[in-house]
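Asker: sequence-free structure coming up:
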């Protein structure tokens, strides 16, 4: 099995209007750039719901890219704990999205969920913050988007 790639994800969330965005950056094990993705998400009623949607969308993006081994990093400790503890029945929108995330992990040979501090998650944060300015999803497979180029 190849070594896992690192995917860092973050949410942009405007609580007053329930708008959310995703920022995701895929790195190799040495921290080298592989790909990035940012987009608007469906309306969300809470930050945790938005974080769960970010995870679900990132897993879908990674699966569609053909990734097989992944470590997904989030700065939402609550979400990371939901995803790494034994499943419990949570009958809510958030629970259904978390169940979808768990189900998506079966598409990978290896998938783990790790916590990263907010200050160390700046690449995904920048991508999520700027996604509010775009009406369509942005995929950057060859070169990092200009907004994060200076970090590589």
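Answerer: Yep, that arrived. Source: prediction; values computed, not measured. Numbering: from 1, shown residues only.
Asker: alpha carbons only for contacts and neighbour counts from here, please
Answerer: Fine.
Asker: ranking helices and strands of this structure by mean pLDDT, which lands last?
Answerer: helix 93-104 (a mean of 87; mean pLDDT, DSSP states H and E).
Asker: and that helix, which residues are buried?
Answerer: Buried residues in helix 93-104, counting neighbours by 16 or more other CA atoms under 10 Å, are found at 94, 95, 97, 98, 99, 100, 101, 102, 104.
Asker: immediately after that helix, which helix or strand?
Answerer: As assigned by DSSP states H and E, the chain's next helix or strand after helix 93-104 is strand 110-115.
Asker: and that next one, which strands flank it?
Answerer: strand 69-74 (parallel) (DSSP bridges).
Asker: residue 92 versus residue 145, what's the distance?
Answerer: 36 Å (CA to CA, to the nearest Å).
Asker: ugh, wrong one, I meant residue 103
Answerer: Using CA to CA, we find residue 103 at a distance of 16 Å from residue 92.
Asker: counting by contacts, list what the helix or strand where residue 83 lies packs against.
Answerer: For residue 83, the host element (DSSP H and E) is helix 77-84. Contacts defined by 3 or more CA pairs under 8 Å, 6 or more residues apart in numbering; DSSP states H and E place helix 77-84 against helix 47-65, helix 93-104, strand 110-115.
Asker: many thanks, we can stop here.
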